[in-house]
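# what would the 3D arrangement of this be:
(2 chains)
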Protein chains: 2
Amino acid sequence: MARWLVILAGGRGERFWPLSRMMHPKQFLTLMGDRSMIRSTRDRVRPLIDPDHTWVVTGQDYVQKVRGNLPDVPSDHILGEPVGRNTAPSIAWAAAQIQRVDPNGTVLVLPSDHMIQQEARFRQLVVDAMNAAETHGGFYTFGIVPTHPETGYGYIEHDGMAFDEYNILTVRRFIEKPPLEDAEDMVASGQYFWNSGMFVFKVGEFMESVERYLPELYRGLTALVAEPEHLDEIFPELPQVSIDHGIMERASNVYVLPAEIGWDDVGTFAALARHLPRNDEQNAAKGHAIFVESQNVTAISEGPVVSFIGVKDLFVVATKDAVLILSPERSQDVRKVVQALKEAQHNHLL
Amino acid sequence: MARWLVILAGGRGERFWPLSRMMHPKQFLTLMGDRSMIRSTRDRVRPLIDPDHTWVVTGQDYVQKVRGNLPDVPSDHILGEPVGRNTAPSIAWAAAQIQRVDPNGTVLVLPSDHMIQQEARFRQLVVDAMNAAETHGGFYTFGIVPTHPETGYGYIEHDGMAFDEYNILTVRRFIEKPPLEDAEDMVASGQYFWNSGMFVFKVGEFMESVERYLPELYRGLTALVAEPEHLDEIFPELPQVSIDHGIMERASNVYVLPAEIGWDDVGTFAALARHLPRNDEQNAAKGHAIFVESQNVTAISEGPVVSFIGVKDLFVVATKDAVLILSPERSQDVRKVVQALKEAQHNHLL
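Coordinates of the predicted model:
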């Protein structure tokens, strides 16, 4: 009866182009500090769960990159999906592997591309959730206290205290990415958290829920475990469903731990810019930059020196083969450039 | 009695950094069209003067680059200066070489980093100047009709018609880079031209003037021609003086041909930007650029794709190892970045 970590690393995000590329998505970027996002995710809970008990689910194209980022995770613990089928199949695939060797194990599921500033506090919450799961059973989520009516996240509504000893609340319902008005109401009410996509559960209980709520997925996984050599035929046929929608919204014993842990999904360049230190003229740089009489400029360079003369309110990302220059409030629109490159068939830049 | 071309290619300008570098100055850049500035300079007068009659004076470090740009110019016609000593020593060195083989030759001197749009008209003026020099003797300059009170150029004041048959005027005086007020007066008067730095003269007459007005230079050159193996000792000791100041301002028979030839010294990125075609949103690109909801942006790239989202009024220059982003009216300040790189000893970027 051990504790296990499952890291979800299937993202193919385009919001960080040109830093991120089709073959080098966000989870492998070093956006903060000196380690990739996926490496930071693993290292953050390494005091709790060792590499032998770590599994990673990623795209087939990224298996080698995951190995490079997490060299001490056993090679056969890195599962490569032929296609992405959302989070329920990913988690269930890893859970089925864990169940075979440790049917009573407890599992922590983490996305691979988030930032958490208060790591010790986060680890304490993980320990609380795992202890509660092992004592009481159930599904545990980590609820981020919202700071603004974000429409890009899912929300979790709580329904009062579940386990006094851990400050764990009962979940009433999950809400998918809401319209702005609903988000404003939810933030004002104080009854809602952001859904961070992190989960804790006992592996047996999870697999029972898959069997009950997602029987088609369960049958597919059973076939996959029996005949792993048929991965390329079986996996694409699995139902495409999220763990939130497929399991969490249907199970009755779902809980949330209020998590004030300095969480940020760093989903856009603007989010990244908030975390960079600024000089007196409000300029910030990651990489080599020179600011001459410029203000409120953020420069991120993977190599080229980026120089500014007499400009303000800019966000610049530079690599050897692509430079992106945008107004700071336009970081959601990076995909428009990626789209233009796709249309022009400049695939070497994607 | 042939006609000769001397190209001055000693410039080490920093105003086009990061396109120009210490080892790759402006005369070797392809700022317009598909040929380097020096190659365009030569090709423009190739119908008049063939490569065997062409000489180039450049820095020792640039001799190989000149050969690469002008492969059909005889190798020993490319003179490499150990140090720059301004234009009089450069021109006199080439003139001394020409005089040895063709004492009655006529010489056209051209800087290597200017743009001339009306090439046929320019060639006609060169022919006029050479004919006049061969008939009447004297020193011939090409006066650009000023379009604005530029303080970065020298001016030439004329004194009425010299040779009716060629529309050639007598020069009264040369004026070095003037204060703005003087420049405004000169442009308003209609008596002044910009000095384009191009000259025509008979080589014997020029060398006599060097002997008369710049005897120290003449003695040095005589020594250099006698003992070319002592270049590194002799050349640095030559007097540092411009042809304008050393010869033209002192000679009595100096003439100017009014030259409406679409001349531009393309001295800054702003000057370059004026010559690029613009789209409906006033964006212009040389190299691969993508504009998304952006206006009045100029992009020059030597390789990286440069993308813009929601920005306006910018000038961007991108190379593999350096990106420069400036406000369009700040192109005189590029040296500030070069200076900062020097101070930080980032010599590989200079």
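# how many neighbours does the residue in the stretch 51-200 of chain A positioned nearest to chain B have?
Nearest residue of the stretch 51-200 of chain A to chain B, counting by CB to the nearest CB: A:Gly152, 18.2 Å away. The way it works is simple: take the backbone N, C-alpha and C, and place the C-beta from them, glycine included. Residues lying near A:Gly152 (other CB atoms under 10 Å in any protein chain shown) number 13.
# do A:Gln117 as well
Look at A:Gln117: counted by other CB under 10 Å, it has 12 neighbours.
# show me the contacts for it.
Applying CB atoms under 8 Å, 6 or more residues apart in numbering or on different chains, we find A:Gln117 in contact with A:261-264.
# of those residues, grab the buried ones for PyMOL.
Per 16 or more other CB atoms under 10 Å in any protein chain shown, the buried members of the contacts of A:Gln117 correspond to this PyMOL selection:
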select buried, chain A and resi 261+263+264
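# can you redo the contacts of A:Gln117 as JSON lines with secondary structure and distance to chain B?
Below are the contacts of A:Gln117 laid out as JSON lines (DSSP: H, G, I helix; E, B strand; the rest coil; distance: CB to the nearest CB, whole Å):
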{"residue": "A:Ile261", "secondary structure": "coil", "distance to chain B": "32"}
{"residue": "A:Gly262", "secondary structure": "coil", "distance to chain B": "29"}
{"residue": "A:Trp263", "secondary structure": "strand", "distance to chain B": "27"}
{"residue": "A:Asp264", "secondary structure": "strand", "distance to chain B": "22"}
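# which non-adjacent residue is nearest the most centrally placed residue in chain A?
Note on chain A: the residue nearest the mean C-alpha position is A:Pro111, at 3.0 Å, using CA atoms, centre = their mean. In space, and not counting its chain neighbours, A:Pro111 is closest to A:Gly197: 4.7 Å by CB to CB, 6 or more residues apart in numbering or on different chains.
# OK, contacts around the one you found?
By CB under 8 Å, 6+ apart, the contact list for A:Gly197 reads A:8, A:87, A:111, A:114.
# so what's the residue count around A:Pro74?
Number of residues near A:Pro74 (other CB under 10 Å) recorded here: 12.
# cool, A:Asp76 as well?
By other CB under 10 Å, 8 other residues sit near A:Asp76.
# what about it, distance to A:His136?
Here the criterion is CB to CB, to the nearest Å. By it, A:Asp76 lies 32 Å from A:His136.
# mind listing the strands the strand or helix carrying A:Gly80 pairs with, and their directions?
Per DSSP states H and E, A:Gly80 falls inside strand A:78-81. Each strand paired with strand A:78-81, and its direction, by DSSP bridges: strand A:54-59 (parallel).
# now the helix or strand following the strand it pairs with: average pLDDT?
Moving toward the C-terminus from strand A:54-59, the next helix or strand (DSSP H and E) is helix A:63-69. For helix A:63-69, mean pLDDT is 97.
# and for stretch A:236-247?
95.
# before we move on, back to that, touching, the residue of the stretch 51-200 of chain A closest to chain B and A:Ala271? I think so.
No: applying CB atoms under 8 Å as the test, A:Gly152 and A:Ala271 come out as separate, 10.0 Å apart.
# how about the worst-scoring helix or strand of chain A on mean pLDDT, does it reach chain B?
Within chain A, confidence by mean pLDDT, DSSP states H and E is lowest for helix A:269-274 among all helices and strands, at a mean of 87. No: Helix A:269-274 does not reach chain B (CB under 8 Å from any CB of the partner chain); its nearest approach is 10.3 Å.
# quick one, what contacts A:Thr54?
Neighbours of A:Thr54 in contact, by CB under 8 Å, 6+ apart: A:4-7, A:42, A:70, A:73, A:77.
# dump the residues you listed to a markdown table, plus secondary structure and neighbour count.
A markdown table is the format used below for the contacts of A:Thr54 (DSSP: H, G, I helix; E, B strand; the rest coil; neighbours: other CB atoms under 10 Å in any protein chain shown):
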| residue | secondary structure | neighbour count |
| --- | --- | --- |
| A:Trp4 | strand | 24 |
| A:Leu5 | strand | 25 |
| A:Val6 | strand | 25 |
| A:Ile7 | strand | 26 |
| A:Arg42 | helix | 24 |
| A:Leu70 | coil | 23 |
| A:Val73 | coil | 21 |
| A:His77 | helix | 22 |
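# mind checking which of the contacts of A:Gly197 are buried?
Neighbour counting over these (16+ other CB under 10 Å) leaves A:8, A:87, A:111, A:114 as the buried ones.
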